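Visitor: Got a predicted model here, sequence first, then my questions.
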Amino acid sequence: MKLKQWSRTDQLFLEGMLWALPGLAVLQAVRQIVRTLRGDPLAVTGSLPEDLVTSTQLVSGPLTGTLLVQDPSAAQFGWALLPTVLLLVLAVVVARLLLGVARGLRAGDPFTTANARRLTTLAIIIIGGGTFLPIFQAIAFEGVLDPILPGGPRSATLDLQFWPYLCGLLVFFLAEVFARGARLREDVEGLV
């Protein structure tokens, strides 16, 4: 089964859109670096320790807020940049996987075992990234906070979202559709 109406313009548009994903992550990293080089305070968001909150009598549970660090050290800047770099790496890997699937469209045969493997890998990255990115953000926040408030371990909140698991499951289903399409194509080609 070959697709006949996929043009070069369609392919270039799709590839440009897919490369825009890591491009946005690069812009976020560059924006953070430029703000630091200008001397702006470093803004990080996370679970605030009780030492920084003046009154917690009315609030039960952890508080999340943004901390502004005036004149951050290189280590604090590195910790703050860590989640952005991780997001950039994930965006590049996801774009490469999706470009492989898109090139199968241009060839006119998207239902291949290679595309099924790419989509399975993409589902694993979505679920893993959605799980571990908040963990890295919490670790990075603690890395920025540690020189300001040295001391024992602090309690932290971990905010896991449901959407990565749902999206990952949907991409797993799509990968299975591609795998079955590839098997069906091989069976049909074997009969002719």
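Guide: Right, received. Where do you want to start?
Visitor: What strands flank the helix or strand of the chain with the lowest mean pLDDT, and is each parallel or antiparallel?
Guide: When the helices and strands of the chain are scored by mean pLDDT, DSSP states H and E, strand 63-69 comes last with a mean of 79. Note on strand 63-69: by DSSP bridges, its sheet partners are strand 42-48 (antiparallel).
Visitor: pLDDT of the strand it pairs with, averaged?
Guide: Strand 42-48 shows a mean pLDDT of 81.
Visitor: How about stretch 106-114?
Guide: 83.
Visitor: Sticking with the residue nearest to Leu88 when sequence neighbours are not counted, tell me its helix or strand.
Guide: Distances taken as C-beta to C-beta, 6 or more residues apart in numbering put Ala25 closest to Leu88, at 4.1 Å, once the chain neighbours are dropped. C-betas here are computed from N, CA, C, even on glycine. Element membership for Ala25 (DSSP states H and E) is helix 8-37.
Visitor: Tell me which other helices or strands that helix touches.
Guide: helix 74-107 (3 or more C-beta pairs under 8 Å, 6 or more residues apart in numbering; DSSP states H and E).
Visitor: Please compute how far the helix it packs on lies from its chain's middle.
Guide: Distance of helix 74-107 from the chain centroid (C-alpha atoms, centre = their mean, to the nearest Å) equals 7 Å.
Visitor: Please spell out which residues along it are buried.
Guide: 76-77, 79-84, 86-88, 90-92, 94-95, 97-102, 104, 106 (16 or more other C-beta atoms under 10 Å).
Visitor: Hmm, Pro49 is touching Asp146, no?
Guide: No. Pro49 lies out of contact with Asp146 (C-beta atoms under 8 Å); the separation is 10.6 Å.
Visitor: which of these two has more neighbours?
Guide: Pro49 (18 against 14; other C-beta atoms under 10 Å).
Visitor: What about Ser73, how many residues nearby?
Guide: Ser73: 12 neighbours (other C-beta under 10 Å).
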